[in-house]
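S.K.: Here's my sequence, what's the structure:
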Amino acid sequence: MLDLSIIIVSWNVRDFLAACLTSIQANSAALDCEVIVVDSASSDDSVEMLRSQFSWVKLLPQAENVGFTKGNNIGLKAAQGRYVLLLNPDTEMIEDALVQMVRYLDAHPDVGIIGPRTQNTDGSPQSTRRRFPTLITAMFDSTWLAPYAPRRVLDDYYARDVEEMATADVDWVQGSALMTRRVIYEQIGGLDERYVMFSEELDWCKRIRSAGWRTVYLGGARIVHHGGKSTEQVHALKHIYFQQSKIRYFGKFHGALAALWVRLFLIGNYVEQLGVEGIKGLLGSKRDLRHERVQMYWQVIRALVHP
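M.R.: Next up is the predicted model:
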């Protein structure tokens, strides 16, 4: 059996994907691995580039944009490795990160998921280790209240007590680079496709923890994540999917009342932002930008009211 299957879901990020694959090829010689690219109906010649420059990749082109979650499940079904790595196309391996992650899982049979230390394009740290969110966290994470959050709330959620270079148990790691065991996929299944994108890795880590496995952040293994190069192409949908996924997670693991509370809170949050942007536009402040934001917030509010 192969050591590792690397699964990459890609949509219109040809140049980032090429850099990602080049970094994998340069840093995986010590492993017996395969790379599976699920192309989600890209229109930027990604498929042609893969066929001409990376013929060693197992290409699974889709006729439509299947989304991040379904795309990963398509890749998981085709994977043959002992371990599987869900990897974003806008990432690059640094030195022996893949080898370190595989060797750590080999040495720690009770660990179910592992995530590497992640850097931004400029080399600054990108936080990817987390603890499970609470209803209090939902009030402050990615909302206008974030600057007013009690420090301990977000410090705990973002696991800020864990040093960048440490190796430590956490609750979950972000899906830009997430390695798990094939036997776990066979045990609990793939990602929940009710999440189009966002929170799907949180859900998966929660289910894997419930099945008795540990999740570990491995600070010695490093990657670069250029960040959101697919989702930034559809800004309003990014907000809609992010918040709908948050509601879905709380409903699934905390119950219907918790989901309702989160939904109402988020609607109020976007109504407030819409009002602020509308007033700024009426006062003549960057009217084109304000109009664009008002339109986007209306889309998000409608999606949250009528899911």
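
S.K.: for this protein, which spans come out with low pLDDT?
M.R.: Of all residues in the chain, those with pLDDT under 70 make up the ranges 228-236, 307.

S.K.: show me where it has strands.
M.R.: Assigned by DSSP state E, the strands in the chain fall at 2-10, 33-39, 58-61, 81-87, 91-94, 111-119, 125-126, 129-130, 167-170, 172-173, 177-181, 214-225.

S.K.: Restricting to C-alpha, output the fourth one in CSV.
M.R.: Only the C-alpha atoms of strand 81-87 are listed here, as CSV (Å, rounded to 0.1, in the frame of the first residue of the first chain):
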residue,chain,number,x,y,z
GLY,A,81,-2.6,5.4,0.6
ARG,A,82,-2.3,4.4,4.3
TYR,A,83,-2.6,8.1,5.1
VAL,A,84,-4.5,10.8,3.2
LEU,A,85,-3.7,14.5,3.1
LEU,A,86,-6.4,17.0,2.3
LEU,A,87,-4.3,19.9,0.8
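
S.K.: relative to strand 2-10, how tilted is that strand?
M.R.: 20 degrees (axes from the mean of the first three to the mean of the last three Cα atoms, to 10 degrees).

S.K.: what are the pairing partners of strand 81-87, and which direction each?
M.R.: strand 2-10 (parallel), strand 177-181 (antiparallel) (DSSP bridges).

S.K.: Now tabulate the ones you listed in TSV and tack on distance to residue 227.
M.R.: Bear in mind the C-beta positions are built from the backbone N, C-alpha and C, glycine included. Putting these into TSV (distance: least, Cβ to Cβ, whole Å) gives the following:
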stretch	distance to residue 227
strand 2-10	15
strand 177-181	12
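
S.K.: Among those, which comes closest to residue 72?
M.R.: With Cβ to Cβ as the measure, strand 2-10 is the member of the strands paired with strand 81-87 nearest residue 72 (5.6 Å).
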